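1. need the 3D shape of this:
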Amino acid sequence: MIRQRADALQPQISRRSSPQGFLRRYVFSTNHKVVGIQYFFLALLSVLVGMALSWVMRIHVAWSSLSIWGLKHLSPNGAPGGVVSPEYYLSLLTLHGTLMIFFVLTTAPQNAFGNYFLPLQIGAEETAFPVVNMLSFWTTLAALLVLLATLFVGDGPPQSGWTAYPPLSGVGEDAGTGLGMGQNLWLISIGIFCIASLLSSINFIVTFVDMRCEGMSLTRLPVTCWAWFVTAILTLLSFGVLLAAVILLLLDRTAGTSFYLPSNLLVSGKLQPHSGGSPLLWQHLFWFFGHPEVYIAILPGFGIVSHLLACFARKPLLGYKVIVGCILTIGFLSFVVWGHHMFVSGMSPFSGFLFSVPTIIISLPATITTLLWLGTLWTGNLQLNTSMLFCLGFISTFVTGGLSGMLLAHPAVDAYLHATYFVVGHLHMVMGVSAIFAIFAATYCWFPKMFGRILSERLGMLHFWLTFVGVYCIFMPMHVLGISGNPRRYAMLTDDFLFPLIPLHRFITIAALLTGAAQFIFLWNLFHSMFKGQPATENPWNATSLEWTVSSPPPAQNFDVQPIVRHGPYEYGETNSGRDFVMQSDPEDMQVKA
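-> Numbers count the residues shown, from 1 in each chain. Predicted coordinates for the structure are as follows:
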């Protein structure tokens with residue numbers, strides 16, 4: 001039935017004429033490739049703003065009395081004389097975390113590359129719901145603009161962190177600066193983003209299930225497609241919960257309800273008119289979204305790395321079905337471990353034990369996948385280009401961050417480390433840096449297909465090594481800070497026992513500034529190559545999946561003739577035609593020699 005449905009849809013799509021006019025073709029476009037590129041540049045803008053905010057925070061922590069140029073004009077109250085106040089530091093922290101987690105790590109791997117390449121890899125001419133796809137992007141852009149508007153309202157961005165725990169986030173201006181209009185705008189932004197994510201996830205799921213071309217069975221799908229599909233399911237199930245939680249918090253703030261706010265709450269000398277609410281309800285709802293969100297950010301990276309390792313090792317992917325099974329298992333288990341974020345919330349030891357066990361278990365499919373990646377590399381004919389190096393960097397940072405996560409899975413250990421820089425180092429390594437390395441790997445590999453030109457490998461190598469060394473210099477010392485008892489979210493080090501840690505903070509800050517500066521190499525490479533890079537052939541990497549059977553960049557309707565898939569996605573090795581790969585659409589008599 002699914003195949004009949006796909007066969008019925010494809011001729012209708014192929015008869016559509018391409019939209020005419022600049023606005024319909026490149027701005028309000030329903031073409032999945034244009035939407036994917038729009039998401040890519042939205043994420044690029046977000047990461048640049050987020051990186052700038054992190055620079056300001058790191059400079060302030062290392063040199064607390066230093067006046068930062070231009071900051072007094074952006075926020076005269078939050079940074080008088082250019083010196084960041086403790087409250088404004090928390091506001092910058094809130095914006096940095098929100099931008100990076102929602103608008104970069106959630107958006108780039110899934111919505112940018114998934115939108116562009118899922119239809120191409122399954123042999124479809126478009127996504128299932130092109131108009132919904134377009135709306136999801138513009139809704140995401142609206143959410144970003146509302147979030148950035150908090151920088152320019154009177155009380156500034158909220159200081160409640162990207163987790164927005166009540167009662168701090170729920171009582172309004174009485175709690176401090178940024179918690180009036182700034183907090184309202186933050187909640188509205190996240191609510192809009194949730195709607196956009198739900199629209200996008202529905203489109204991904206239906207496209208995956210209903211739009212595959214002839215011969216594209218489930219076992220012939222690239223691992224990237226499976227990763228985008230599972231991520232879309234996680235998005236659909238988790239962002240709906242976050243949307244409901246945000247609406248309830250907005251009602252507490254504006255309509256006098258008490259979902260999260262308890263009785264007899266005294267804030268700044270004022271008795272709050274609420275009763276019967278529970279701040280823990282927000283934590284349960286938020287982290288029911290929050291831990292699947294970790295895998296929403298990282299599972300597309302699993303798919304990208306699996307896909308690219310096979311190509312650049314010139315070997316079939318070891319354990320294809322096992323890796324797909326591990327991705328499905330991780331997706332399921334991500335919904336039963338949210339409580340490990342709440343070990344210090346006062347939960348009973350029994351509840352802590354119940355959440356600790358699946359937290360440890362969920363590391364098993366991730367470990368199996370990592371071992372299969374290493375097995376794929378073993379005895380392979382490795383092509384150490386920039387994309388491959390970022391894949392190897394992904395494995396390194398993911399394993400490093402995962403090992404520190406094993407400590408946090410134990411309630412007794414987490415009780416000491418939870419509020420320290422140890423968690424900051426762990427989160428950035430396992431989720432942030434790993435996902436961004438996957439984004440870089442995908443960019444260096446698929447840039448030729450997206451823009452018809454090849455990125456400079458020399459600049460790419462320089463970019464990789466500066467970034468790889470830099471992130472270890474930034475985030476590994478944070479584990480040392482955490483073990484030393486350095487609390488996170490402190491704007492300055494004022495306690496005697498923290499003074500000896502200031503030199504390490506300054507080392508981290510210098511590393512962060514240099515690593516951030518190295519990203520301008522990537523930006524130059526990206527925009528220069530977009531216009532003056534070496535023209536790309538149809539299949540510059542000798543890859544096997546369907547996106548490499550069409551021109552670079554692909555035509556508006558993707559395929560001149562609907563492809564028929566006859567082979568698996570990772571058939572690399574010596575063939576009877578003299579090539580070392582078999583494309584998925586090659587004739588059946590084209591085979592890899594045993």
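
2. and Asp495, how many neighbours?
-> By the other CB atoms under 10 Å criterion, the neighbourhood of Asp495 contains 11 residues. Any C-beta I mention is one placed from the backbone N, CA and C, and that applies to glycine too.

3. got the confidence number for it?
-> Per-residue confidence (pLDDT) for Asp495: 77.

4. likewise for Ser17?
-> In this prediction, Ser17 carries a pLDDT score of 58.

5. what's the answer for Ser65, then?
-> Among the per-residue scores, Ser65 shows a pLDDT of 91.

6. that one: what's it in contact with?
-> Contacts were defined as CB atoms under 8 Å, 6 or more residues apart in numbering; by that measure Ser65 touches Val83.

7. please identify which helix or strand holds it.
-> Ser65 is part of no helix or strand, with elements assigned from DSSP states H and E.

8. low pLDDT regions in the stretch 351-500 of the chain?
-> Across the stretch 351-500 of the chain, nothing is flagged by pLDDT under 70.

9. would you map the strands across it?
-> Read by DSSP state E, counting those that start in this stretch, the stretch 351-500 of the chain holds these strands, from start to end of the chain: 453-454.

10. what's the answer for the chain, then?
-> Remark: strands of the chain, listed N- to C-terminal, are 266-267, 270-271, 453-454, 534-535, 571-572, 581-582; assignment by DSSP state E.

11. flag every buried residue along stretch 136-144.
-> Counting neighbours by 16 or more other CB atoms under 10 Å, one finds that the buried residues in stretch 136-144 are Ser136, Phe137, Thr139, Thr140, Leu141, Ala142, Ala143, Leu144.

12. tell me the mean pLDDT for it?
-> The pLDDT scores in stretch 136-144 average 98.

13. ok now that stretch, how far from the chain's centre?
-> Using CA atoms, centre = their mean, to the nearest Å, we find the averaged C-alpha position of stretch 136-144 to lie 16 Å away from the chain's own average C-alpha position.

14. residues contacting Gln110?
-> Remark: with contacts taken as CB under 8 Å, 6+ apart, Gln110 is in contact with Ser200, Phe204, Trp228, Thr231, Ala232, Thr235, Ile296, Pro300.

15. mark which of the residues you listed are part of helices, please.
-> By the criterion of DSSP state H, membership of the contacts of Gln110 in helices covers Ser200, Phe204, Trp228, Thr231, Ala232, Thr235, Ile296, Pro300.

16. ok, back up a step: so which of the contacts of Gln110 is the most crowded?
-> Neighbours were tallied for each of the contacts of Gln110 (criterion: other CB under 10 Å), and the maximum of 31 neighbours falls on Ser200.

17. just give the number of residues close to Thr329.
-> Number of residues near Thr329 (other CB under 10 Å) recorded here: 18.

18. His307 now?
-> A count of nearby residues for His307, using other CB under 10 Å, gives 27.

19. shouldn't it be in contact with Cys225?
-> No: using CB atoms under 8 Å, His307 is not in contact with Cys225; the gap is 9.2 Å.

20. please identify the buried residues of stretch 227-244?
-> 227-243.

21. which of the strands of the chain is buried the deepest?
-> Of those, the one with the most neighbours on average (mean count of other CB atoms under 10 Å) is strand 581-582, at a mean of 24.

22. so which elements touch that one?
-> Secondary-structure packing of strand 581-582 (3 or more CB pairs under 8 Å, 6 or more residues apart in numbering; DSSP states H and E): strand 571-572.

23. each with direction, which strands does the strand it packs on pair with?
-> As defined by DSSP bridges, the strand partners of strand 571-572 come to strand 581-582 (antiparallel).

24. before we move on, the earlier item: ok, the contacts of Gln110 vs Met347, which is closest?
-> Relative to Met347, the closest of the contacts of Gln110 is Ile296; by CB to CB it sits at 24.6 Å.

25. gap between that closest one and Ser268?
-> Taking CB to CB, to the nearest Å as the criterion, Ile296 is separated from Ser268 by 37 Å.

26. which residues sit in contact with the closest residue to Pro535 other than its chain neighbours?
-> The spatial neighbour of Pro535 that comes closest, neighbours along the chain excluded (CB to CB, 6 or more residues apart in numbering), is Arg453 at 5.9 Å. Shown in contact with Arg453 (CB under 8 Å, 6+ apart): Phe447, Ser529, Met530, Phe531, Lys532, Gly533, Gln534, Pro535, Ala536.
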